[in-house]
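fold the following and give me the result.
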Amino acid sequence: RETGATVLVPIYPLAPPKSTGTATTLVPPMADYLAMLIAQHGVDNVSLYGDSSGGSYAVLAVREMLRRCKIDAHCEASEAEPSRMVLISPALHLTLDSP
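Presented below is the predicted three-dimensional model:
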């Protein structure tokens with residue numbers, strides 16, 4: 001309360017067994033929402049926190065934002081991602097092919 005910060009907690013569905021791409025359907029709207037928050041509040045006023053799968057989705061959403069930025073001549077990468085990210089135990093190697 002003392003910081004005046006607003007905390008938003010997105011609710012996303014669990015991946016069903018034999019999922020056909022939950023991340024594929026969730027990441028683009030997450031990237032859109034983050035881009036909207038950055039446009040409204042400025043890059044210095046948006047922080048991203050994620051734990052476990054939330055951390056993975058956070059990484060994927062920011063990567064999607066940066067991918068989009070690369071193909072937009074008017075976009076600067078420093079303005080296309082949150083200024084701070086805290087990611088707790090995200091899965092970064094998603095092939096799961098090593099023990």
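
count the neighbours of the closest residue to residue 13 other than its chain neighbours for me.
Spatial nearest neighbour of residue 13, excluding adjacent residues (CB to CB, 6 or more residues apart in numbering): residue 22 at 6.9 Å. C-beta here means a position set from N, CA and C on the backbone, and glycine is covered the same way. By other CB atoms under 10 Å, 15 other residues sit near residue 22.

and residue 22, how far from residue 77?
27 Å (CB to CB, to the nearest Å).

swap in residue 12?
From residue 12 to residue 77 the distance is 26 Å (CB to CB).

so between these two, which is more surrounded?
residue 12 (14 against 10).

would you agree that one is in contact with residue 27?
No. The pair residue 12 and residue 27 fails to qualify as a contact (CB atoms under 8 Å) at a distance of 10.1 Å.

mind listing the shared neighbours of the two?
Common neighbours of residue 12 and residue 27, using CB atoms under 8 Å, 6 or more residues apart in numbering, are residue 57.

residue 57 in helix, strand or coil?
helix (DSSP: H, G, I helix; E, B strand; the rest coil).

could you do residue 12 as well?
Three-state call for residue 12 (three-state DSSP): coil.

for it, what are its contacts?
Residues in contact with residue 12 (CB under 8 Å, 6+ apart) are 26, 57.

from residue 61, how far out is it?
11 Å.

with residue 73 instead?
22 Å.

same question for residue 30.
Distance from residue 30 to residue 61, by CB to CB: 4 Å.

and the strands in this protein?
Here the chain has its strands, by DSSP state E, at 47-51, 84-88.

can you tell me which of the ones you listed is most buried?
Per-stretch averages of neighbours, counted by mean count of other CB atoms under 10 Å, single out strand 47-51 among the strands of the chain, with a mean of 16.
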